[in-house]
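Participant: Quick one: sequence and predicted model below, then my questions.
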Amino acid sequence: MNKPTPKKLRVGMLGRTQWLADACRKIHAQGHSIDLLWTAKDESFYRFGLDQFEQLAQAVNAHFFVGTKSTAEVEAWLKQNPLDVGISVNWPILLTESLLERFNYGVLNAHAGDLPRYRGNACPNWAILHGEPQIACTIHRMVPELDAGPILLKQFLPMHDDLYIEDVYAWLSQTIPNMFSQATDLLARGEAVFKAQSTDPTHALRCYPRRAEDGQIQWAQSADQILRLIRASSKPFDGAFTTLENQQKVVIWRAEKVELPEPALVVPGQVCLVQQGDPVVACGQGALRLRVLSSPDHTSIKQCITSSLRNRLI
């Protein structure tokens, strides 16, 4: 039996980031109509701002809205212009049930976390910190409750000690547009199957926002814990940080676990030795080789740190 011809969808794009823009272009290239583009205040690391979204809306002939205060205006527009599906990335507030119902197939959201386990904010950062074996990207249908809607698609990225948040973002930049392309194709063919999330509260972790000061290193922690903090705080974020002798700020962008060459009695944070110009610093358990560093106070911060084995990172 021949499969039915896929229908062309009327699509609304909601949110921010380069990921949403790339998904918009990909879905438009599939032949679907982008009728709505609704964005909000951007952050520098989103790599796609308000002006660029306005230009994109013009390019795909979409009606353009800006800001969360436009909700009533958007809902009134949708009453006159019903759409098949919404596509959402990084929308800053929960959408109301009445607005979600304006889309025939609902609003699909890309969530950088393994639902239902990781709900909320900074989920890939928290997954690194928590030592998960993998990071997920989930496409789910939005409901008024945070990240609780039924799941359509998931993809996974294996975790390892050399996977940094920058690498996760690079993976998401490719994965999210491709998953939305797959999702719209499934809807257009009538083949989309959604799976309800578990309602057992013990299956979910609510992840809360992180701030720059959360990247401060406590050297009494193990090398594993500190390395996870470095990996979770690295670019495009502000970086994990410490100080040299409680004076010069030191930002650590890259590090690796190493073994000290001999049994040692050492204070956490103490510089133990130098490997190819990199300081090796003791932790509560184990040691770290600090590979990529910066300092707002000194351009030669590695040389400052390694100038004496009496030096401490605090």
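Facilitator: Arrived safely, thanks for sending. Residues are numbered from 1 along each chain as shown.
Participant: which residues sit in contact with residue 217?
Facilitator: Residues near residue 217 by CB atoms under 8 Å, 6 or more residues apart in numbering: 226, 229-230, 240-242, 252, 313. (Each C-beta comes from the backbone N, C-alpha and C, glycine too.)
Participant: which of the residues you listed sit farthest apart?
Facilitator: 229 and 313 (13.4 Å; CB to CB).
Participant: on that earlier part again, helices - which of the contacts of residue 217 land there?
Facilitator: 226, 229-230 (DSSP state H).
Participant: In TSV: those residues, plus distance to residue 265, pLDDT and neighbour count.
Facilitator: Shown next, in TSV, are the ones in helices among the contacts of residue 217 (distance: CB to CB, whole Å; pLDDT from 0 to 100; neighbours: other CB atoms under 10 Å):
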residue	distance to residue 265	pLDDT	neighbour count
226	20	98	27
229	25	98	23
230	25	98	27
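Participant: Nearest to residue 93 among these?
Facilitator: Once CB to CB is applied, the member of the ones in helices among the contacts of residue 217 that ends up nearest residue 93 is residue 229, at 29.2 Å.
Participant: which element is residue 293 on?
Facilitator: Per DSSP states H and E, residue 293 falls inside strand 287-294.
Participant: Using PDB, write down the CA coordinates of that strand.
Facilitator: Extracted in PDB, the C-alpha atoms of strand 287-294 (Å, rounded to 0.1, in the frame of the first residue of the first chain):
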ATOM      1  CA  ALA A 287      45.200  15.600  41.300                       C
ATOM      2  CA  LEU A 288      44.500  17.700  38.300                       C
ATOM      3  CA  ARG A 289      46.700  19.000  35.500                       C
ATOM      4  CA  LEU A 290      45.500  22.500  34.600                       C
ATOM      5  CA  ARG A 291      45.700  22.700  30.800                       C
ATOM      6  CA  VAL A 292      44.000  26.000  29.800                       C
ATOM      7  CA  LEU A 293      43.900  28.900  32.100                       C
ATOM      8  CA  SER A 294      43.200  32.600  32.000                       C
END
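Participant: which helices and strands does it pack with?
Facilitator: When contacts are defined as 3 or more CB pairs under 8 Å, 6 or more residues apart in numbering; DSSP states H and E, strand 287-294 packs onto helix 223-233, strand 248-258, strand 278-282, helix 301-305.
Participant: Please compute how far stretch 276-286 lies from its chain's middle.
Facilitator: 29 Å (CA atoms, centre = their mean, to the nearest Å).
Participant: List the buried residues of it.
Facilitator: Judged by neighbour count (16 or more other CB atoms under 10 Å), stretch 276-286 contains these buried residues: 278-283, 286.
Participant: can you check stretch 295-308 too?
Facilitator: So, applying 16+ other CB under 10 Å, buried residues of stretch 295-308: 295, 298, 301-302, 304-306.
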